[in-house]
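# take a look and give me a structure for this.
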Amino acid sequence: MNNHSLLNYSINHPKTVTGIMVALTLIIGSLISLVQVDTDPENMLPANEDVRVFHNNIKQEFDLQDIVVLGVVDEENEYGAFTPSTLQHVHELTELVKTLSDEHDPELHVVGKNLIAPGTVDAIEQAGLGQVRFEWLMKEPPTTQEEALRVRDLALDNPLLRGTMVSEDGMALAIYIPISEKKFAYQVREALLEKIESFDTHEEYHITGLPVAEDTFGVEMFIQMAISAPLAMGAIFVLMLVFFKNVKLIVSPMIVAMVSVIITMGLMIGTGHTVHIMSSMIPIFLMPIAVVDSVHILSEFFDLYQKTRNRKETLKQVMHHLYKPMLFTSITSATGFASLALAPIPPVQVFGIFVAFGILLAWFLTIVFVPAYIAMMSEETLNNFGLTPANEAHEHESFIARHLHWIGTMTYKRSKAIIGVASILIAVSAYGMSQIVINDNPVNWFEDNHEIRVADKVLNSHFGGTYEAFLVLEGAEVEQPTVSEIQQKATAIVSEMFADAPEVQSLAAGIVSATNDNASTADEAVAFIADEFEYEADDAEDQHYDMWLDAADAVASLSGAGQTFKQPEVLAYIEKLQQHLISTGEVGKSNSVTDIVKKVHQELFEGDSSYYSIPQTSDAVAQTLISFQNSHKPQDLFHLVTPSYDKANIWVQLKQGDNLVMEHTLESVDEFFATNPAPAGITHKWAGLTYLNVVWQDKMVTGMFESFISSFVVVLILMSILFRSVLWGLLAMIPLTATIAIIYGIVGFVGKDYDMPIAVLSSLSLGLAVDFAIHFLQRSREAYKEKGSWKDAVGVMFEEPARAITRNVIVVAVGFMPLLLAPLMPYKTVGFFLASIMAVSGLATMLILPSMIHVLRKQLFKTSKTQQS
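Numbering: from 1, shown residues only. You can find the predicted model right below:
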């Protein structure tokens with residue numbers, strides 16, 4: 001079915017067309033009720049992405065969870081948060097947190113065993129020489145100020161808590177709440193806020209952390225999606241009413257846009273895709289494109305109807321002029337967004353595919369439903385359509401038409417000057433583009449005065465940092481000895497140590513021989529032999545007692561193959577690495593197994609600060625670790641080292657969540673390893689949410705650039721096919737090139753971070769800028785063919801065609817300005833830059849294109865005549 005058949009069917013069967021559209025909208029739109037919101041940044045990477053797989057493996061291996069941070073600050077009290085009343089509130093909040101879970105999904109809960117709060121951690125104190133005492137830091141809330149200050153002082157004396165749970169100045173306190181899944185963060189925050197509301201107190205409570213920011217954004221994003229789209233549609237409706245002054249007629253573009261959005265979103269959700277921050281913007285991106293074609297039709301219909309006073313004839317003329325340009329603009333716009341399917345980011349792929357589908361759907365609805373809608377209108381409704389009272393005609397002439405005539409004349413008389421100015425602007429913009437900084441931070445998705453943004457600033461000014469990253473160290477793989485090899489080494493020890501006691505040597509050799517029946521692994525063999533030797537020592541004669549014990553120690557030293565992170569030189573290297581991290585100024589705090597070893601070692605020597613150091617032998621290190629495992633939470637050790645001591649985790653706390661900060665930290669650590677060769681063949685890798693954000697952002701930027709270049713080439717080929725000329729095809733790409741250069745040049749000059757919304761807007765630029773170029777160039781060729789000279793054709797071009805473009809620019813640009821009132825920064829960004837893209841692409845089309853046509857008129861229209869002949 002060609003375009004004439006479609007048009008005739010729509011005009012002759014308008015109710016059938018409308019009925020089918022309504023039915024499909026209701027059926028597919030009903031799938032929206034299945035919506036699932038997802039703001040997890042991990043899902044910006046494929047499930048099988050190496051860094052994501054490693055991240056999840058590390059979380060499981062070290063029993064790590066994502067953290068919600070609750071901070072308590074009291075700037076007015078001389079003791080800060082460490083008063084009996086405040087610690088009573090902290091105790092109540094801690095007890096509440098332990099009980100939190102989702103009543104509908106038990107898998108969503110707080111992981112209480114890993115909760116860091118005054119009532120859930122130990123104070124580490126000396127209990128005499130060679131002994132360490134572990135007592136709950138705050139078993140019960142203190143009743144006196146002295147008791148409250150003791151809690152503070154004991155926490156400050158613990159390197160694992162200082163700068164993490166208690167601020168370095170001893171004035172603020174934080175609770176670290178581990179949650180089973182990030183999507184539970186919002187519920188935790190709401191429960192905490194409800195409890196805090198019941199306190200009659202003056203201290204401040206702040207809740208932050210990446211999981212909170214991302215989950216809260218998901219909730220507010222869903223609300224904003226339901227507000228922003230209708231506001232934008234309302235603004236577009238009012239502007240179209242100003243231009244066309246016929247309420248009933250301008251309803252049709254609104255219906256096209258609304259139906260396109262409903263069917264596209266319904267289809268996306270119905271096929272099992274979640275609504276991510278990207279896909280939540282599908283309505284915002286789809287509506288301007290859906291409205292653009294309708295405005296072209298209404299604009300030309302507005303100008304022609306009073307000449308024919310016949311709806312069908314006018315529609316046929318309009319569609320004859322616009323069908324081909326609208327088809328190609330829709331294909332090029334869809335191509336621009338479909339190219340995002342090549343990006344290595346799943347939510348971006350989904351966004352690109354469904355916006356492309358929505359664009360093609362909007363085009364089909366425009367050429368089918370809009371004519372059907374007009375056909376259903378009564379002649380009386382259109383009586384005054386296209387007529388403007390005299391005084392309004394004067395204003396109309398003053399504000400739009402006269403200025404367009406002036407622009408048209410200027411492009412003819414000052415074409416080279418316009419091209420020169422445009423070239424300078426593009427060159428300057430190229431420099432601006434070189435200044436673009438790629439950066440993002442989910443907390444910055446909120447306005448400055450949002451509670452989460454305020455909490456982020458306050459808590460990161462007091463503590464080591466609320467942004468987590470995990471620096472995972474792994475020793476070189478060491479081949480584990482066999483039981484037979486342990487026996488051989490033990491036999492050598494027996495031969496050497498019992499050489500002067502043949503009878504005892506024979507007994508020892510017998511124990512070694514019995515190992516095969518009592519051990520299946522090397523460690524079991526070592527344990528069996530050493531235990532048996534110690535048992536024999538208890539019954540041995542005095543002259544053989546030390547001999548048995550020495551032999552037991554020698555055999556015990558055979559264990560621990562591959563236990564890299566018990567070696568003093570390795571722990572010293574970690575200590576040096578931690579000092580380097582702090583020296584960067586971007587890492588506020590780090591915790592490692594080295595901190596545990598040093599603290600316990602100090603307390604083993606009666607708290608003498610000179611012993612806050614790494615022991616000199618592996619056995620002494622092992623003793624500190626064994627001592628720590630007598631604490632109330634021995635599992636805390638294995639957040640920082642594996643039970644086999646072949647991997648270690650440095651918990652890095654950053655004060656800022658910007659990708660740039662994380663990238664600088666990565667580079668700094670790489671430089672440290674390059675200049676300080678690691679012992680024991682240690683290698684390092686990163687995990688953690690802050691690190692994952694860097695990875696997907698880098699992939700997004702690279703993927704967006706590649707997809708844009710590929711779609712640019714595809715669109716250029718399509719333009720060359722449409723105009724049957726490479727020269728005309730290149731000409732069609734000029735507004736796009738100018739728009740991209742100028743918009744992204746501004747981004748670089750004003751210092752706006754190149755984040756996800758900014759990256760995606762390049763696809764919208766491609767669609768809208770090429771849309772205007774196709775309409776302008778196609779009508780230019782027709783006008784030249786009709787008039788025979790470009791001088792006369794310019795006058796035609798800066799009437800209805802230029803008015804249609806101007807109306808589109810104003811309707812879409814101003815129509816989406818309500819997005820600037822949104823409380824979420826990505827929506828503000830889209831609103832501002834969408835308006836900017838419309839303005840720049842419209843100006844580039846109406847200034848640069850006619851100027852270029854004038855300069856190249858001989859080559860361009862010579863080609864056109866050749867094609868026509």
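# residue contacts, residue 160?
Going by CB atoms under 8 Å, 6 or more residues apart in numbering, residue 160 touches 591, 595-596, 599, 636. All C-beta spots, glycine's among them, are computed from the backbone N, C-alpha and C.
# how about a cut-off of 7 Å?
591, 595-596 (CB atoms under 7 Å, 6 or more residues apart in numbering).
# out of those, the closest to residue 816 would be?
Relative to residue 816, the closest of those is residue 591; by CB to CB it sits at 47.1 Å.
# pretty sure the closest one sits against residue 651.
Yes - at 4.5 Å, residue 591 counts as touching residue 651 under the criterion of CB atoms under 7 Å.
# and for those two, which residues touch both?
Common neighbours of residue 591 and residue 651 (CB under 7 Å, 6+ apart) are residue 640.
# tell me which element residue 177 falls in.
Using DSSP states H and E, the secondary-structure element containing residue 177 is strand 172-179.
# okay, that strand in PDB with CA atoms only?
What follows is strand 172-179, C-alpha atoms only, in PDB (Å, rounded to 0.1, in the frame of the first residue of the first chain):
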ATOM      1  CA  ALA A 172      29.900  13.100  64.900                       C
ATOM      2  CA  LEU A 173      28.800   9.500  64.700                       C
ATOM      3  CA  ALA A 174      27.700   7.200  61.900                       C
ATOM      4  CA  ILE A 175      25.900   3.900  61.500                       C
ATOM      5  CA  TYR A 176      26.700   1.800  58.500                       C
ATOM      6  CA  ILE A 177      23.700  -0.300  57.500                       C
ATOM      7  CA  PRO A 178      24.400  -3.200  55.200                       C
ATOM      8  CA  ILE A 179      21.400  -4.200  53.000                       C
END
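# off-centre distance for that strand?
What separates the centre of strand 172-179 from the centre of its chain is 24 Å, taken as CA atoms, centre = their mean, to the nearest Å.
# list the buried residues of the helix or strand following it.
Where DSSP H and E defines the elements, the next helix or strand beyond strand 172-179 is helix 185-197. Using 16 or more other CB atoms under 10 Å as the test for burial, helix 185-197 gives 185-189, 191-192, 195-196.
# tell me the angle of the helix or strand that helix 185-197 is followed by relative to strand 172-179?
Later in the chain than helix 185-197, the nearest helix or strand by DSSP H and E is strand 204-208. Interaxial angle, strand 204-208 versus strand 172-179 (axes from the mean of the first three to the mean of the last three CA atoms, to 10 degrees): 40 degrees.
# from the contacts of residue 160, which single one is nearest residue 324?
residue 591 (65.9 Å).
# quick one: that closest one and residue 606, what's the gap?
Residue 591 is 24 Å from residue 606, where distance means CB to CB, to the nearest Å.
# quick one: residue 248 and residue 378 touch, right?
No - distance between residue 248 and residue 378: 9.1 Å, which falls outside the contact criterion (CB under 7 Å).
# so between those two, which is more surrounded?
Comparing residue 248 with residue 378 by neighbour count (other CB atoms under 10 Å), the higher total belongs to residue 248, at 14 against 9.
# give me the neighbour count for the closest residue to residue 36 other than its chain neighbours.
Excluding its sequence neighbours, the residue lying closest to residue 36 (CB to CB, 6 or more residues apart in numbering) is residue 274, at 4.6 Å. When neighbours are defined as other CB under 10 Å, residue 274 has 17 of them.
# cool, residue 179 as well?
The number of residues packed near residue 179 is 26, by other CB under 10 Å.
# go on, residue 379?
Counted with other CB under 10 Å, residues neighbouring residue 379 total 9.
# OK, contacts around the residue nearest to residue 74 when sequence neighbours are not counted?
In this structure, residue 74 finds its nearest non-sequential neighbour in residue 203, 4.0 Å apart by CB to CB, 6+ apart. Residues in contact with residue 203, defined by CB under 7 Å, 6+ apart, are 72-74, 81, 86.
# out of those residues, flag the one nearest to residue 421.
For these, the nearest to residue 421 is residue 73 (54.5 Å; CB to CB).
# hey, what's that closest one bridged with?
Note on residue 73: beta-bridge partners residue 172, residue 204, judged by DSSP bridges.
# the chain: strands as residue ranges?
Using DSSP state E, the strands of the chain run over residues 66-73, 122-126, 132-136, 172-179, 204-208, 467-474, 587-591, 647-654, 683-687.
# what is the fifth one packed up against?
It stands for strand 204-208. In this structure, strand 204-208 packs against strand 66-73, helix 185-197, helix 451-462, with contacts taken as 3 or more CB pairs under 7 Å, 6 or more residues apart in numbering; DSSP states H and E.
# what would those look like in TSV with mean pLDDT?
Listed next are the helices and strands packed on strand 204-208 as TSV, based on pLDDT from 0 to 100:
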stretch	mean pLDDT
strand 66-73	96
helix 185-197	95
helix 451-462	95
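# adding distance to residue 442, write the ones you listed out as CSV.
Output for those, formatted as CSV (distance: least, CB to CB, whole Å):
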stretch, distance to residue 442
strand 66-73, 12
helix 185-197, 11
helix 451-462, 9
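# which of those sits closest to residue 610?
Per CB to CB, nearest to residue 610 of the helices and strands packed on strand 204-208: helix 451-462, 30.1 Å.
# distance from that closest one to the middle of the chain?
20 Å.
# a markdown table for the strands of the chain, including distance to residue 494?
Shown next, in a markdown table, are the strands of the chain (distance: least, CB to CB, whole Å):
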| stretch | distance to residue 494 |
| --- | --- |
| strand 66-73 | 52 |
| strand 122-126 | 39 |
| strand 132-136 | 35 |
| strand 172-179 | 49 |
| strand 204-208 | 61 |
| strand 467-474 | 35 |
| strand 587-591 | 43 |
| strand 647-654 | 34 |
| strand 683-687 | 38 |
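# coming back round to it: more neighbours: residue 591 and residue 606, which one.
residue 591 (23 against 13).
# distance check, that one against residue 166.
Per CB to CB, residue 591 is found 14 Å from residue 166.
# give me the low-pLDDT residue ranges for the stretch 301-450 of the chain?
Along the stretch 301-450 of the chain, the parts satisfying pLDDT under 70 run over 303, 305-306, 380-399.
# cool, the chain as well?
Ranges of the chain meeting pLDDT under 70: 1-4, 303, 305-306, 380-399, 478, 559-562, 763-764, 767-768, 863-869.
# how many residues are close by residue 789?
The number of residues packed near residue 789 is 11, by other CB under 10 Å.
# what sits against it?
Contacts of residue 789 (CB under 7 Å, 6+ apart): none.
# 10 Å instead?
Counting by CB atoms under 10 Å, 6 or more residues apart in numbering, residue 789 touches 783, 857, 861.
# show me where the stretch 601-750 of the chain has helices.
Assigned by DSSP state H, counting those that start in this stretch, the stretch 601-750 of the chain shows helices spanning 618-628, 659-675, 689-723, 726-732, 734-750.
# ok so, going back, residue 52: which of the strands of the chain is closest?
Between residue 52 and the strands of the chain, the tightest spacing by CB to CB is seen for strand 683-687, at 9.4 Å.
# so which elements touch the closest one?
helix 50-61, strand 467-474, strand 647-654, helix 659-675, helix 689-723 (3 or more CB pairs under 10 Å, 6 or more residues apart in numbering; DSSP states H and E).
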